[in-house]
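S.K.: take this sequence and fold it.
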Amino acid sequence: MRLQVVTAVAAWAVTSVCQSVPMSRNLWSRDADFKELSEKLSSSAKAYYPGTDEFKAANERWSNLDVPTVNIVVVPGTENDVVETVKFANKKQLPFLAYNSAHGAIRTLGKMTSGIEIYLDQLSGVKIAEDGKTATISGGTKSKVVTHTLWDAGKQAVTGACECVSYIGPALGGGHGWLQGRHGLIGDQFESMNIVLANGTLVTLDSSSELWWALNGAGHNFGVVTSITSKIFDVEHKDWAIEILTFSGSKVESLYDSVNKYLLKNGTQPTDVINWSYWVNMPEADPSNPVIQILIIQEGVTAVDSSYTAPFHALKPISTETHTGGYLDLAKWVGVTTTDGPCQKTGAMNPRFPIYLETYDVAAQKEAYELFAENIRGDSIFNGSLYTFDGYSMEGVRSLDDKSSAFAYREQNVLTAPLITYMPDGPELDAKAAALGNKLRQILHKGTGRSYIPAYVNYANGDEGPEEWYGSESWRQSRLQSLKKKYDPSGLFSFYAPIA
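M.R.: Numbers count the residues shown, from 1 in each chain. Take a look at the predicted model:
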């Protein structure tokens, strides 16, 4: 981490708090420090100060556990505004952190105890190339903007599932998405990117750069990405279908045995099939315990093939729900549109405890379910919690060599994570939530028989480490450390899942 000039930062923080100005107008503080910065920024850049509604909105996070502390928000209007802000921060020895949708819940963010937020909200847009093979996507663009803009042009790209999350943020950690079975991870699609490095220079990188390898999987550690040129594809299948089957938790073992046999198929899940499942309280379906919902999604059909659904019908679900539509309906069907719960910022704590699995150990699933149910049922303070199991097709992801990028988990078939949701009530409750989340993860980990926990960095809690986030192989860690020393020797980009 960089050496911070504590007295300077403290004085600056006090000045910022005292100079809360209404930002319905695009005004800057006129103190000497920020006058210097403001004179170098574009006319479309903005600044938000503590005490204003704009500052509050720009700082509001999806999870409020160990949040970063910000003294001023700079809202770039151009890519060069990011350059000037980073240069200014370096000159004044001030920490800085790029924000987009603020859905990252990793607790390492709390290590930023003062500094500048670079809020990328104004850098939004999608420009399709004339040949229709690529699109340039600005750094602050949300996933919904990408999917809808491309769909209107008869195109699509690999994006994250949740509409309100940024396009680029998940990609820097690899990035899972609906179309990864066909094309690979979000980060696998990149052709080039504009990125502001730690020294304040804006560079355009592509696969010829030695840093390219690290940006797909560990990219949060190396710069502020201001735009990306990505592969896009013609829409081949306009039809999609889903079947949602809701079960009593008593069937946990038979359900996951069936998922193994009929969906995962030893890592050969069909390209056109996605399987998710949720453990969640639904009192109308089961007033006593959380239910298990099996979601089977299929591309290119108007009804999910019965060869996938019949084994689950045989287990006699409490209810069955089916939908037919198009690609843009997927977020609505699984509850991750911009108006659904996962996109709302309610002031809650939302730690996750991810682990990748190759297959389900049904005994471990039962043990984890029983612990989860015991702790979230009824009027528990954790009763809004959710356990997610994401089984995307991996064919496109595995089409690239495992050594091709810093993303280390191309052989893993299922991404799981308990989401322990609760309202803030002190460190004792935080510790209780962490103990529950880690115990649930350890149960599944024990079932794998592995010595390490592979953890998806975009879902990380923060109590893991570089070997869990970026792969435990010594060559991976050595390569990342070497690149970090070369491109960010002072550790300026070290608040989100730091390499060191």
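
S.K.: A98: what's it in contact with?
M.R.: The neighbourhood of A98, defined by CB atoms under 8 Å, 6 or more residues apart in numbering, consists of 82, 117-118, 120, 139, 224. In short, each C-beta sits where N, CA and C put it, glycine included.

S.K.: can you do 6 Å?
M.R.: By CB atoms under 6 Å, 6 or more residues apart in numbering, the contact list for A98 reads 118, 224.

S.K.: strands paired with the host helix or strand of it, and their directions?
M.R.: A98 belongs to strand 96-99 when elements are defined using DSSP states H and E. According to DSSP bridges, the neighbouring strands of strand 96-99, each with its direction, are strand 116-119 (parallel).

S.K.: just the strands in the stretch 301-450 of the chain please.
M.R.: 319-325, 355-357, 386-391, 414-419 (DSSP state E, counting those that start in this stretch).

S.K.: quick one: classify A47 as helix, strand or coil.
M.R.: With DSSP: H, G, I helix; E, B strand; the rest coil as the basis, the three-state label of A47 is strand.

S.K.: look at it and report its pLDDT.
M.R.: pLDDT for A47: 92.

S.K.: next one: S38
M.R.: Listed pLDDT for S38 reads 89.

S.K.: go on, V6?
M.R.: At V6, the model reports a pLDDT of 29.

S.K.: likewise the one 5 residues further on?
M.R.: With respect to pLDDT, A11 has a value of 36.

S.K.: for R2, same thing?
M.R.: 31.

S.K.: hey, where'd the helices end up in the stretch 401-500 of the chain?
M.R.: Applying DSSP state H, counting those that start in this stretch to the stretch 401-500 of the chain gives helices spanning 427-448, 466-470, 474-487.

S.K.: now the stretch 1-150 of the chain
M.R.: Assigned by DSSP H, counting those that start in this stretch, the stretch 1-150 of the chain shows helices spanning 6-18, 32-38, 53-59, 79-92, 143-152.

S.K.: how about those helices in TSV, adding mean neighbour count?
M.R.: As requested, these are arranged in TSV below (neighbours: other CB atoms under 10 Å):
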stretch	mean neighbour count
helix 6-18	15
helix 32-38	16
helix 53-59	16
helix 79-92	20
helix 143-152	20
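
S.K.: which one of those lies nearest to I228?
M.R.: Among the helices of the stretch 1-150 of the chain, helix 143-152 comes nearest to I228, with 10.4 Å by CB to CB.

S.K.: after that closest one, next one along is what?
M.R.: Scanning forward in sequence from helix 143-152, with DSSP H and E defining helices and strands, the next element found is strand 155-156.

S.K.: partner strands of that next one and their direction?
M.R.: strand 233-234 (antiparallel).

S.K.: what does the partner strand contact?
M.R.: Q156.

S.K.: do the same with stretch 183-190
M.R.: The set of residues external to stretch 183-190 that reach it, using CB under 6 Å, 6+ apart, is 158, 171, 174-175, 177, 216, 228, 230-231, 396-397, 400.

S.K.: go through those residues and flag which are in strands.
M.R.: When the contacts of stretch 183-190 are checked against strands (DSSP state E), the matches are 228, 230-231.

S.K.: returning to what we had before: now the buried members of the contacts of stretch 183-190.
M.R.: Of all the contacts of stretch 183-190 considered here, the ones buried according to neighbour count by 16 or more other CB atoms under 10 Å are 158, 171, 174-175, 177, 216, 228, 230, 396-397.

S.K.: could you single out the nearest of those residues to V196?
M.R.: After measuring those against V196 - CB to CB - the closest member comes out as I228, at 13.1 Å.

S.K.: buried residues of stretch 349-363, list them for me.
M.R.: Neighbour-count burial for stretch 349-363 flags 349-362 (criterion: 16+ other CB under 10 Å).

S.K.: just put those in a markdown table and tack on pLDDT and distance to D305.
M.R.: As requested, those are arranged in a markdown table below (pLDDT from 0 to 100; distance: CB to CB, whole Å):
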| residue | pLDDT | distance to D305 |
| --- | --- | --- |
| M349 | 98 | 40 |
| N350 | 98 | 35 |
| P351 | 98 | 37 |
| R352 | 98 | 32 |
| F353 | 98 | 33 |
| P354 | 98 | 30 |
| I355 | 98 | 30 |
| Y356 | 98 | 27 |
| L357 | 98 | 24 |
| E358 | 97 | 24 |
| T359 | 97 | 22 |
| Y360 | 98 | 21 |
| D361 | 98 | 27 |
| V362 | 98 | 24 |
